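A.B. asks: Could you work out the structure for the sequence below:
(one chain, ligands or ions: 2)
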Amino acid sequence: MGSENGLATAHGKRPLFSFGLISDVQYADIPDGRSFLGVPRYYRHSFLVLQRAVKEWNNHQRHKFVINLGDIVDGYCPKDQSLNTVKKMVDEFEMFNGPVYHLIGNHCLYNLPRSKLLPLLKIKSLQGYAYYDFSPVPEYRFVVLDGYDNSAIGWPQDHPTTLEALKLLREKNPNVDKNNPTGLVGLERRFLMFNGGIGKEQMEWFNGVLQDATKLKQKVIVCCHLPLHPGASSKEALLWNYEEVMNLIHKYNCVKVCMSGHDHKGGYSIDSHGVHHRVLEASLECPPGTNAFGYADVYDDKISLYGTDRMRTTHMYFNPKVDL
Ligand SMILES: Nc1ccn([C@@H]2O[C@H](COP(=O)(O)O)[C@@H](O)[C@H]2O)c(=O)n1
Ligand SMILES: O=P(O)(O)OC[C@H](O)CO
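C.D. replies: Numbering: from 1, shown residues only. Ligands and ions are numbered 1, 2, ... in the order given. Coordinates of the predicted model:
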C-alpha cells in the first residue's frame, strides 16, 4: 500500500483524519465461478482479502473508521447459510479497532430481508431503510444513501415499492429477464433488476442533510452502493435516478466526493461541477494472493485514496473555485 502513514505529507500537512475502505467482498463458501460476462469470481478467497484488509487497517493505527461499500455476501451463498455467513463477515469487520459503517447492496438483499440484515449490519434505520449520515470530524459529513430504496429486490413481493419498481422495469426493459440489458440503448441500460433508485422521502432527507452541511460549512462525502455518475461506471451499474440525485448534489457546493461499489472493475471521473466519483474495485475479483482494499487520507483540500494491488490509488483535489 502506498503509504503516508498519517504523517506529514508531500504538501506538508497532516490529514484531518483517515479511514479504511473496501467493497463487494461477496463472500460465499462455494467454489470459484464467473460473472455473467465471464469475469472470474473468487468467492472463498474474498474472505482472505477482508482479513488482510482488517490487519492492514489495524496496523495503520490512525484510521478513525472503516466503510464497507456493500455486498458483504454473494447471492450464490446457500440460503440456509445466509445468516451465519453475514454474521461471519460482520465479525471479521469487527476485528477492526474502531467503528465500521456498512452499506447494503443487491447481493445482501438476495440473502436476507431488510428486517434481519439491517440489525446485523448495525444500521440504525427507520422503517427498514438503510440511509444515514455521520460526522467523524466537525469539518466533514458522510452521507450513506440506500440505493435499493426503490427496488424490485429486498421488499416483500406484494409491497407497493416492489410493484412500482416492477412496473418501471416493464416500461423500460422489454426483456423477460429484467437483469438482461440486451436492446437497451445508452444510459437506458441501467434499467436492470439488480439496480434501484432513491425514493422521494430519502431525497427530502438528503436535501435536508446537504442544507445543514452547507450551514455548518462541512464538506460532504456521499456513499452509495450504486454509482451516481456515468463517467465512472458502466451504464449497466448506474442508480436508476442518478440524474435526479446529481441535480440535487449540484445545487450545493458541499459535496466533494461520491464513492460507490457494484461495478466491480472500478472507475473514476470528475463531473462538470468538480465532484469526484470513485467506484471501488471489488474484492471478489482478486485472484488468490492479491487484494483490493485501501484507505483514504482526508485533508481540507483533497482526499488521497491509497489502494492495495487491484484497488487503484486516486488523489482527488477539490476545485478551489468552488467555495463553501
Ligand atoms: N450483460 C448481462 C449481465 C447480467 N445479466 C444477468 O444478470 C445476472 C447477474 O449477473 P452477474 O454479472 O452478477 O453474474 C445474470 O444471471 C443474468 O441474468 C445479463 O443477462 N446480461
Ligand atoms: O454485483 P453484481 O454481481 O450484481 O454485478 C453487478 C454488475 O457488476 C453491474 O454491472
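A.B. asks: so how many other residues sit close to residue 157?
C.D. replies: 8 (other CB atoms under 10 Å). C-beta here means a position set from N, CA and C on the backbone, and glycine is covered the same way.
A.B. asks: nope, residue 301 is what I meant
C.D. replies: Count around residue 301 with other CB under 10 Å applied: 12.
A.B. asks: Surely it is in contact with residue 316?
C.D. replies: No - the pair residue 301 / residue 316 is not scored as a contact, 10.0 Å apart, by CB atoms under 8 Å.
A.B. asks: Where do the helices of the stretch 51-200 of the chain begin and end?
C.D. replies: 82-93, 106-111, 114-120, 160-172, 200-215 (DSSP state H, counting those that start in this stretch).
A.B. asks: Please write out the alpha-carbon positions of the longest one in PDB.
C.D. replies: Right, helix 200-215. Extracted in PDB, the C-alpha atoms of helix 200-215 (Å, rounded to 0.1, in the frame of the first residue of the first chain):
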ATOM      1  CA  LYS A 200     -38.900  10.700  -2.500                       C
ATOM      2  CA  GLU A 201     -38.600  10.700   1.300                       C
ATOM      3  CA  GLN A 202     -34.900   9.800   1.100                       C
ATOM      4  CA  MET A 203     -34.400  12.600  -1.400                       C
ATOM      5  CA  GLU A 204     -36.000  15.100   1.000                       C
ATOM      6  CA  TRP A 205     -33.900  13.800   3.900                       C
ATOM      7  CA  PHE A 206     -30.700  14.100   1.600                       C
ATOM      8  CA  ASN A 207     -31.700  17.600   0.700                       C
ATOM      9  CA  GLY A 208     -32.000  18.500   4.400                       C
ATOM     10  CA  VAL A 209     -28.600  17.000   5.200                       C
ATOM     11  CA  LEU A 210     -26.900  19.000   2.400                       C
ATOM     12  CA  GLN A 211     -28.600  22.200   3.600                       C
ATOM     13  CA  ASP A 212     -27.400  21.500   7.200                       C
ATOM     14  CA  ALA A 213     -23.900  20.600   6.000                       C
ATOM     15  CA  THR A 214     -23.800  23.900   4.000                       C
ATOM     16  CA  LYS A 215     -24.800  25.900   7.100                       C
END
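A.B. asks: gap between residue 169 and residue 193?
C.D. replies: Distance, residue 169 to residue 193, using CB to CB, to the nearest Å: 6 Å.
A.B. asks: anything in contact with each of those two?
C.D. replies: 152, 178 (CB atoms under 8 Å, 6 or more residues apart in numbering).
A.B. asks: So between those two, which is more surrounded?
C.D. replies: Counted by other CB under 10 Å, residue 169 and residue 193 do not tie: residue 169 has more neighbours, with 20 against 17.
A.B. asks: so the more buried one touches residue 196, yeah?
C.D. replies: No - look at residue 169 against residue 196 with CB under 8 Å: they stay out of range, at 10.4 Å.
A.B. asks: Give the intersection of the neighbour lists for the two.
C.D. replies: residue 152.
A.B. asks: Enumerate the residues of the protein near ligand 2.
C.D. replies: Proximity of the chain to ligand 2, by CB under 6 Å from any ligand atom, involves residues 71, 106-107, 194, 234, 236-237, 262-264.
A.B. asks: Turn those into a markdown table, including pLDDT.
C.D. replies: Formatted as a markdown table, the residues of the chain next to ligand 2 follow (pLDDT from 0 to 100):
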| residue | pLDDT |
| --- | --- |
| 71 | 98 |
| 106 | 98 |
| 107 | 98 |
| 194 | 98 |
| 234 | 98 |
| 236 | 98 |
| 237 | 98 |
| 262 | 99 |
| 263 | 98 |
| 264 | 98 |
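A.B. asks: Just flag the most distant two among the residues you listed.
C.D. replies: 107 and 234 (16.8 Å; CB to CB).
A.B. asks: These two: which is more packed in?
C.D. replies: residue 107 (25 against 17).
A.B. asks: who are the neighbours in contact with the residue nearest to that one when sequence neighbours are not counted?
C.D. replies: In space, and not counting its chain neighbours, residue 107 is closest to residue 71: 4.3 Å by CB to CB, 6 or more residues apart in numbering. For residue 71, the contact set (CB under 8 Å, 6+ apart) comprises 23-26, 105-108, 225, 261-262, 282, 284.
A.B. asks: ok, residue 276 touching residue 267?
C.D. replies: No - at 11.3 Å, residue 276 does not count as touching residue 267 under the criterion of CB under 8 Å.
A.B. asks: between the two, who's got more neighbours?
C.D. replies: Per other CB under 10 Å, whichever of residue 276 and residue 267 has more neighbours is residue 276, with 25 against 20.
A.B. asks: Quickly list what that one is bridged to.
C.D. replies: Beta bridges link residue 276 to residue 257, residue 270 when assigned by DSSP bridges.
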